[in-house]
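Novice: Provide a 3D model corresponding to the input given below.
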Amino acid sequence: MKRPLPRVWLALVCCFAATVALSAWTISVDSSKPPAKFDTIVGIAAVGNDVWVVNQVDEGHPWGSVTELSATTGKVVRIIRGRSYQFLWPAGLAVGGGHVWVTDWTSGLSNSNGGNNPGAITEFSASSGHLERIIRAPGDSLGGPTTIALSPGHLWVGNAGKSGVNFNGSVVLLDSSTERSILEVGSKDSEVGSPYGMAVAGGHTWIQNGREASDNTVTVLDARTGGLFRVESLSPAAANGSCLPGGIAATERFVWAVYQGCQPDTYGSAVQWDARTGAHIRTIDIAGRKGATRIPSAVTAAGNEVWIADEVGGPSGMGAVTELNAITGKVVRQLDGSSYRFNDPSQIAISSGRVWVANSASDSVIEIQAATGKLIRVIS
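Specialist: Got it, this is the predicted structure:
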């Protein structure tokens, strides 16, 4: 699976963490509503009337950006960019409570010893786009933050790795108000390894692990205390490292994770659990069926709908999107064909009856009506 950012395999050189004050820097918020601008899309989220797209690159600048779209019109509301935001290597995002958080894999500022910082989290206002703070967590709790999820009063952050501390990554629980590090769970605890994705549901935090040379598992923690609830093992094929994670999503009732190559002679699998009890419900071999995907690259869910992006599906091999029924696990429909203009779809989100799909190869966003699968527009 092609990724602009090696989320789970690359460790960072780090030993410095501090809260950076940026009041002296000019905050740059472009609210002139220019044409849609995407460049190397690495994340997408949809909440209410807003769609947020994380761009790893901002053409002509040594940093990335975040594009806000109107879910009603598909037009650009603003492009959030500038050195103040520290989007040198943005990776993941979370939206909630009127705020947007973007993980920055490495901020690029030099520490006092001349080395690189271990990354940061940028928080800005969802309504205005104005910078609120740069979180650098005390101690060494951040180390290449890539994934992020929210629970009441807390930020769950997945680290790619910290050189000399934990090359296999970790998950950190931060107090969202004070930035205080509450706990860290890492591979030294044999519970988390190279976290690829996270979701919070049913009172638990679900962590999709992506150890490159070990078993792929899903670690389930108590979302309030961070205590270990259980560790979910996948198919036997996953135990020898042949299973590659594609993403994880949740509703209050179910948790879904997609994988590449977990079943013999197939391309993709989806695993479903009960969000409250952690009980495994089913593993779906989604290759070979009508409407099947081949290489699942992302998943999103709402109500009884589960939507899976496929990097190389469809007759042209340019990509497809498959909808599953969350109750039966059966394929509802597959969307492909030239009209959708899929081109390596790697990110997906759903909100208010609309599905938003981001193409990696063409840097475009596709809007789809969830009830019918009808194409609404392609934004580029």
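
Novice: drop to CA atoms for contacts and neighbour counts, all remaining ones
Specialist: Noted.

Novice: least confident secondary structure element in this protein?
Specialist: helix 236-239 (a mean of 46; mean pLDDT, DSSP states H and E).

Novice: what mean pLDDT does stretch 353-370 have?
Specialist: Across stretch 353-370, the average pLDDT comes to 95.

Novice: neighbouring contacts of that stretch?
Specialist: Outside of stretch 353-370, the residues within contact range by C-alpha atoms under 8 Å, 6 or more residues apart in numbering are 38-42, 44, 46, 309, 340-350, 371, 374-380.

Novice: the closest residue in space to residue 379 that isn't next to it in sequence: what secondary structure?
Specialist: Closest residue to residue 379 apart from its sequence neighbours, by C-alpha to C-alpha, 6 or more residues apart in numbering: residue 365 at 5.1 Å. Taken by DSSP: H, G, I helix; E, B strand; the rest coil, the conformation at residue 365 corresponds to strand.

Novice: for residue 365, the count of nearby residues, please.
Specialist: The tally of other residues near residue 365 (other C-alpha atoms under 10 Å) stands at 27.

Novice: can you tell me the element the residue nearest the centre of the chain falls in?
Specialist: For the chain, residue 92 is the residue whose C-alpha lies nearest the centre (C-alpha atoms, centre = their mean; 5.0 Å). Residue 92 is part of strand 90-96 when elements are defined by DSSP states H and E.

Novice: picking that back up, now, the contacts of stretch 353-370 that are in strands?
Specialist: In this view, the contacts of stretch 353-370 that belong to strands under DSSP state E are 41-42, 44, 46, 309, 345-350, 375-379.

Novice: by neighbour count, which of those residues wins?
Specialist: Most neighbours among these, by other C-alpha under 10 Å: residue 309, with 33 neighbours.

Novice: for residue 50, phi and psi?
Specialist: Dihedral angles of residue 50 (phi, psi; degrees, to the nearest 10) stand at phi -120, psi 140.

Novice: hmm, residue 75 and it touching each other?
Specialist: No. The criterion here is C-alpha atoms under 8 Å, and residue 50 misses it with residue 75 at 10.4 Å.

Novice: which one's more surrounded, the two?
Specialist: Of the pair residue 50 and residue 75, residue 50 is the one with more neighbours under other C-alpha under 10 Å, namely 20 against 15.

Novice: let's see the pLDDT reported for that one.
Specialist: Note for residue 50: predicted pLDDT of 96.

Novice: ok, it - contacts?
Specialist: By C-alpha under 8 Å, 6+ apart, the residues touching residue 50 are 68-71.

Novice: as CSV, those with secondary structure would be great.
Specialist: Output for the contacts of residue 50, formatted as CSV (three-state DSSP):
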residue, secondary structure
68, strand
69, strand
70, strand
71, coil
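
Novice: my guess is the residue nearest to the centre of the chain contacts residue 120. True?
Specialist: No. Residue 92 is beyond contact range of residue 120, at 11.4 Å (criterion: C-alpha under 8 Å).

Novice: any residues in contact with both of those two?
Specialist: With C-alpha under 8 Å, 6+ apart, residue 92 and residue 120 have common neighbours 103-104.

Novice: how far does stretch 321-335 stretch from start to finish?
Specialist: For stretch 321-335, the separation between the terminal residues is 5 Å (C-alpha to C-alpha, to the nearest Å).

Novice: list the contacts of that stretch.
Specialist: Residues outside stretch 321-335 that contact it (C-alpha under 8 Å, 6+ apart) are 254, 282, 284, 290-293, 303-310, 313-314, 320, 336, 373.

Novice: do stretch 275-290 as well
Specialist: By C-alpha under 8 Å, 6+ apart, the residues outside stretch 275-290 that reach it are 201-204, 220, 230, 250-255, 263, 266-274, 292-294, 329, 331.

Novice: restricted to strands, list those residues.
Specialist: Among those, DSSP E puts 201, 204, 220, 230, 250, 254-255, 268-274, 331 in strands.

Novice: what number of residues are in the vicinity of residue 319?
Specialist: Neighbours around residue 319, by other C-alpha under 10 Å: 28.

Novice: who touches it in this structure?
Specialist: So residue 319 contacts 309-313, 336, 342-345 (C-alpha under 8 Å, 6+ apart).

Novice: repeat for residue 374
Specialist: Per C-alpha under 8 Å, 6+ apart, neighbours of residue 374: residue 368.

Novice: i'd like the first residue to be 533 from this point on
Specialist: Got it, first residue is 533 now, which makes that one residue 906.

Novice: quick check: phi and psi at it.
Specialist: Dihedral pair for residue 906: phi -70, psi 140, per degrees, to the nearest 10.

Novice: and it, how far is that from residue 884?
Specialist: Taken as C-alpha to C-alpha, the span from residue 906 to residue 884 is 15 Å.

Novice: leaving out sequence neighbours, find the closest residue to residue 601.
Specialist: Nearest non-adjacent residue to residue 601 (C-alpha to C-alpha, 6+ apart): residue 608, at 4.5 Å.

Novice: residues in a beta bridge with the nearest residue in space to residue 871 that is not next to it in sequence, which ones?
Specialist: Distances taken as C-alpha to C-alpha, 6+ apart put residue 907 closest to residue 871, at 7.9 Å, once the chain neighbours are dropped. For residue 907, the beta-bridge partners are residue 900 (DSSP bridges).

Novice: quick check: residue 907 touching residue 872?
Specialist: Yes. The pair residue 907 / residue 872 is scored as a contact, 6.5 Å apart, by C-alpha under 8 Å.
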